Each structure stands twice: as C-alpha cells, then as structure tokens.
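Visitor: From the sequence below, what's the structure:
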Amino acid sequence: MFDVAIIGAGAAGMMCAAVAGQRGLRVVLIDHAERLAEKIRISGGGRCNFTNLGAGPANFLSDNPHFCRSALAGYTPQDFLALLRSHRVAWHEKHRGQLFCDDSSESIIEMLRAECQTGRVHWRMPCSVNEISRSEAGYTLRTSQGEIRAAKLVIASGGMAIPQLGATDFGLKIARQFGLKVVEPRPALVPLTFDAAQWKPFAELSGVALEVSLVTGAGRARGEFLEDLLFTHRGLSGPAILQISSFWQPGEAIVIDLAPGRDLAAELIAAKPGNRQQLHTVLGALWPRRLADQWLGFAGQSGHAGHQAAGQTRQAGRQAVSPAGKSELAEQRLADIPDKTLRSLADGIHQWRLVPSGTAGYKKAEVMRGGVDTRGLDQKSMQARTVPGLYFIGEAVDVTGWLGGYNFQWAWASGVACGRAL
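Guide: Numbers count the residues shown, from 1 in each chain. As a prediction, this is how the structure comes out:
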C-alpha cells in the first residue's frame, strides 16, 4: 500500500515522484520499460535540450491555452537550473535560449534518479500495468509484479511519439476509462511529407539547408517561425518544419520565405546595370548555389510541379529547359532580363506555397499534440475534476511545447505542481 502510485518513469514522472517522496509520501514509480528514461537519453543528440530560458505560456499549444500558466509560473527554467547546480551538472546555451548538458543526457537521468532516492521512492521496473480499478480506499493496480494499492494515482506515461522506444496511448486509455475527454492526438514536431510526383523536382536538393521564415494557419491557430530548413529526398525537415508541423492542419498550405529579411527583387534589379553575368550566377551569389541552380532549372517549366511550387507567373514561366537542366531564363544575362520578370522570380522565392500530403508519423515525431483535455483537470494540481485522486502530467496532457526545450520544461513544471499537491 502506497500513498501515491505514479505510472511512467520519464521526465514528468520522476520529477513528480521526487517532489512527493521528499514531502514524506510513500511513492511507487512504475514503468514498463527495461531501460530508464529513453526519451531523455536520446534527446538533443544525446545531450538533452532540457529547457529553454524563454519558456512561457505563449510557447505552448492547447485547446485550453491558459491551463499551463499556473504550473509554468510555479516552476521556471531558473528553478530547474538551480537543481542542476545542486547536482553539479554543467550546461550551456546553444541557440535561442535552448539549454543543453555539457556532457551527456545521462547527467539529467542520474540527477532525477538521485532525487527519487532522496525521496525514498520505490521502483517497479520493468513492470506492466494490466488493469486499474478505483474504490473509496483509492486505486488498485494489477501488474506483472503483483497487486499494488495506492490512495492516489498519477498518470505520467507520455504520448505516442517514438513507439520504437515503447511509447503507447496508455494514458489516453486510462483517461477514457474514467470518463475524461481526450483532445484528438496527432504527431507533432514531425517532418512533413509531399506527393512523390510533386516533390520530384526538389529531391535533388536533399541536404541543402538554409534559414527561412514560414507560416501556416490563421488566428489563434496561426504558426510563424524563423528557423533552419532542410531539404530531404521525401520532403522538408529541420527545425523550421518541425516547428510549423505542430500548427499545420491536413489540406492547409504552408508559405515559406526562402530569403527572409531581404528583398531579392531589389538586389537583382540594383545589380542589373551593365551586368553581363548569367542570372544563375548572380542568384547563386545571393543565395545557396545548389538551390539557385535547381530553382531556376524548374522555375521555367509551365504546368510542372516545380512551376507551381516556385510560384512563377506564366509570363516568367514560358522558358524552355535545356538538357543541362538550366532554363533559358537562368542563362540570360542579368542586364537583359526585365524588372517584371525578376520581381516575379523573387516573389516565388519569398512566397513559396506548398500543401504537404501528410507527416512522417509518430515514428519520426518528437512529441504528441493533443491528449487529456485540460478542461477536465485542475490547473494547480493536475487532478481530474470528476475523479478524486487521479492526476495526469507531462505529454499525456493536451499541452504541447515548441521545439527547443519547451516540452521538457512542461514535464518538470507539471510534475512539480502535481508532486506538491499530492
């Protein structure tokens, strides 16, 4: 018999267990995996992007956007840094407030394990939970290691992202079992895919990376980011696409500015007087060379997928493509090209409009969007409003952070809020 049973020994679960245990509660932490905290271990290229200095409510998506405010205010990135200092874990800022371990992610795992040991947390791992029932006395869990009883139950089992590490929809099933609503889950922070025929002209750009700005959606559902983009054989990836994927809805377009903060039309027109260089040479000096050559190669193909994607006007698009892959437009001298054509070319680069066919799915997703509807939870304690003693924290909840350490901060903050309230 325990005061609290916590299912899920990931970031949120271990944090909650440590806080509750150090408050004097008798806590058991249960996980079906053989190896502890695999998602922490692989995160940030093995160095764990454990938080972001700028983490705040505006960096999270939810059908109930104000829910996360209380927990995030109660446990901030500075609070987590204080915990790191107490364990002498070295860290550094890498990019836009993203914080990583100087050494490996194991430093975070061992720190959380040590905090749990300080709280005298009991472990059941690997241990599968087969059935959960509730009575006036609390909760009974029938597991692969026998029956476990607890006055209170915390679900910290995560979402469905990266099933190869053991991720499942366990938390959502438990929510539904006890009558809680669930916001339809889907992969988030995930590469986007495109129709093979549509993408064929761009497949040769695989490996090209550049900073872009991109936008999708409207109103509260609008997402807009300035991040790095990566071309792949199957579609687009990199931080820019992972960010926008959380906002993207099937059938919607994304609009990408491939030269943000610049006015390519003005730069090309200003370089025109007396310039005998071919357009592909000039554009290649202003923009990544591989991208410039390929873009001009398919920009002239009227009716081609590349023509549609490049956003060229028909006037600028009626250019033949040579066997070498360069259009007549690409081989024209800059001085001979009308300003109108250069503006049209630049417009296509600044407003590249694409409609993805889908995502790469949970196998490639970093997190799950959606989850337990937070309108059924108390924002200060994470307790279900209609089921006393039942709590949900971490990724299982409908709170999804941006790329860059925000989801770990939600794990720490929601875990602490729950641990303090138990």
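Visitor: do you know how far residue 407 is from residue 148?
Guide: Going from residue 407 to residue 148 by C-beta to C-beta, to the nearest Å gives 28 Å. (Each C-beta comes from the backbone N, C-alpha and C, glycine too.)
Visitor: more neighbours, these two?
Guide: Taking neighbours as other C-beta atoms under 10 Å, residue 407 and residue 148 compare with residue 407 leading, 31 against 22.
Visitor: who touches the more buried one in this structure?
Guide: By C-beta atoms under 8 Å, 6 or more residues apart in numbering, the residues touching residue 407 are 366-367, 395, 400-401.
Visitor: and which of those residues is nearest residue 65?
Guide: Closest approach to residue 65 among those (C-beta to C-beta): residue 400, at 10.9 Å.
Visitor: Make sure residue 147 is indeed in a strand.
Guide: Yes. Residue state for residue 147 (DSSP: H, G, I helix; E, B strand; the rest coil) corresponds to a strand.
Visitor: how far away is it from residue 141?
Guide: Counting by C-beta to C-beta - residue 147 and residue 141 are separated by 7 Å.
Visitor: Compare these two (neighbour count), which wins?
Guide: Neighbour count, other C-beta under 10 Å: between residue 147 and residue 141, residue 141 has more, with 23 against 9.
Visitor: Now the more buried one: which helix or strand?
Guide: Following DSSP states H and E, one finds residue 141 within strand 138-143.
Visitor: Averaged over its residues, which helix or strand of this structure has the lowest pLDDT?
Guide: The weakest-scoring helix or strand in the chain, judged by mean pLDDT, DSSP states H and E, is helix 314-317 (a mean of 32).
Visitor: tell me the mean pLDDT for the helix or strand following it?
Guide: As assigned by DSSP H and E, the chain's next helix or strand after helix 314-317 is helix 328-331. With pLDDT averaged residue by residue, helix 328-331 scores 84.
Visitor: ok, now stretch 17-26?
Guide: The model assigns stretch 17-26 a mean pLDDT of 98.
Visitor: so where do the strands sit in the stretch 101-250 of the chain?
Guide: In the stretch 101-250 of the chain, strands defined by DSSP state E, counting those that start in this stretch lie at 122-124, 129-135, 138-143, 146-155, 182-188, 192-193, 209-216, 223-231, 235-237, listed in chain order.
Visitor: Most tightly packed of the ones you listed?
Guide: Each of those was scored by mean neighbour count; the highest is strand 235-237, a mean of 24, by mean count of other C-beta atoms under 10 Å.
Visitor: so what strands line up beside that one?
Guide: Neighbouring strands of strand 235-237 in its sheet, by DSSP bridges, are strand 192-193 (antiparallel), strand 223-231 (antiparallel).
Visitor: Mind putting these into a markdown table with distance to residue 54 and mean pLDDT?
Guide: Converted to a markdown table, those look like this (distance: least, C-beta to C-beta, whole Å; pLDDT from 0 to 100):
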| stretch | distance to residue 54 | mean pLDDT |
| --- | --- | --- |
| strand 192-193 | 25 | 92 |
| strand 223-231 | 14 | 95 |
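Visitor: Tell me which of these approaches residue 135 most closely.
Guide: Taking C-beta to C-beta, strand 223-231 is the member of the strands paired with strand 235-237 nearest to residue 135, at 44.8 Å.
Visitor: export that closest one as CSV, just CAs?
Guide: Extracted C-alpha coordinates of strand 223-231, given in CSV (Å, rounded to 0.1, in the frame of the first residue of the first chain):
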residue,chain,number,x,y,z
GLY,A,223,2.1,29.5,-36.5
GLU,A,224,5.0,31.6,-37.7
PHE,A,225,8.7,30.8,-37.2
LEU,A,226,12.2,31.9,-38.3
GLU,A,227,14.2,28.7,-38.3
ASP,A,228,16.5,26.5,-40.3
LEU,A,229,15.0,24.4,-43.1
LEU,A,230,16.4,21.1,-44.5
PHE,A,231,15.6,19.6,-47.9
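Visitor: now that strand, how far from the chain's geometric center?
Guide: A distance of 12 Å separates the centroid of the chain from that of strand 223-231, by C-alpha atoms, centre = their mean, to the nearest Å.
Visitor: what helix or strand is residue 370 on?
Guide: Residue 370 is part of strand 367-372 when elements are defined by DSSP H and E.
Visitor: tell me the average confidence for that strand?
Guide: 98.
Visitor: How about stretch 86-94?
Guide: Mean per-residue pLDDT for stretch 86-94: 97.
Visitor: Please report the distance of the closest residue to residue 242 other than its chain neighbours from residue 150.
Guide: In space, and not counting its chain neighbours, residue 242 is closest to residue 189: 4.5 Å by C-beta to C-beta, 6 or more residues apart in numbering. In this view, residue 189 and residue 150 are 33 Å apart by C-beta to C-beta.
Visitor: what do you get for residue 360?
Guide: Noted for residue 360: a distance of 38 Å to residue 150, by C-beta to C-beta.
Visitor: How about residue 69?
Guide: Distance from residue 69 to residue 150, by C-beta to C-beta: 29 Å.
Visitor: So what does the nearest residue to residue 401 once chain neighbours are set aside look like in phi/psi?
Guide: With sequence-adjacent residues excluded and distances taken as C-beta to C-beta, 6+ apart, residue 401 is closest to residue 407, at 4.1 Å. The phi/psi pair for residue 407 (degrees, to the nearest 10) reads phi -70, psi -30.
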